[in-house]
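Student: let me see the structure of the following:
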Amino acid sequence: MPVPADPRRAALYAVLAQVPPGRVVSYGQLAALAGLGRAARWVGRCLAQLPQDSALPWHRVVAAGGRLSLPAGSPAGDEQRRRLAAEGVVLLGERLDIRRHGWHPAGQSG
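Tutor: Purely as a prediction, here's the structure:
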């Protein structure tokens with residue numbers, strides 16, 4: 001994937017690419033890990049603009065507390081649920097257990 005000209009997007013994509021299968025991060029956590037402060041909404045907008053064929057694991061980003069923010073029944077929401085289930089993430093309605101499935105890279109307090 002080409003590196004975006006915007007250094008903020010490059011930082012975001014670099015961190016997102018590290019989230020392993022079966023693990024998730026919140027929009028706010030992803031922003032913080034990328035050094036973007038409290039930019040959760042900006043992260044959401046960037047992910048919504050990813051090309052459809054992007055190899056980045058956008059489906060591993062959830063709302064605070066493990067809530068799925070993409071609506072069930074929408075193409076993106078259904079794709080996110082399918083991908084997470086294929087990685088072993090257990091969904092309980094519109095949520096997942098963030099303690100069980102949350103990603104905490106080395107050096108980050110969880």
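Student: what residues does the most centrally placed residue in the chain make contact with?
Tutor: What sits nearest the mean C-alpha location of the chain, by C-alpha atoms, centre = their mean, is Val61, with 1.8 Å. By C-beta atoms under 8 Å, 6 or more residues apart in numbering, the contact set of Val61 is 16, 19, 24-27, 30, 43, 47. The C-beta positions use only the backbone N, C-alpha and C, and glycine is treated the same way.
Student: for my notes, please list those residues in JSON lines and give neighbour count for each entry.
Tutor: Converted to JSON lines, the contacts of Val61 look like this (neighbours: other C-beta atoms under 10 Å):
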{"residue": "Leu16", "neighbour count": "22"}
{"residue": "Val19", "neighbour count": "21"}
{"residue": "Val24", "neighbour count": "25"}
{"residue": "Val25", "neighbour count": "25"}
{"residue": "Ser26", "neighbour count": "21"}
{"residue": "Tyr27", "neighbour count": "21"}
{"residue": "Leu30", "neighbour count": "25"}
{"residue": "Val43", "neighbour count": "25"}
{"residue": "Leu47", "neighbour count": "20"}
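Student: looking at these, which are in strands?
Tutor: 25-26 (DSSP state E).
Student: any idea how far the residue nearest to the centre of the chain is from Ala5?
Tutor: Val61 is 22 Å from Ala5, where distance means C-beta to C-beta, to the nearest Å.
Student: and Tyr13, its phi and psi?
Tutor: The phi/psi pair for Tyr13 (degrees, to the nearest 10) reads phi -60, psi -40.
Student: how many neighbours does Pro57 have?
Tutor: If you count neighbours by other C-beta atoms under 10 Å, Pro57 ends up with 19.
Student: not counting its neighbours along the chain, what's nearest it?
Tutor: Residue nearest to Pro57 in three dimensions, not counting chain neighbours: Val19, with 5.5 Å by C-beta to C-beta, 6 or more residues apart in numbering.
Student: and what of Leu16?
Tutor: By the measure of C-beta to C-beta, 6+ apart, the closest residue to Leu16 outside its immediate chain neighbours is Leu56, 5.3 Å from it.
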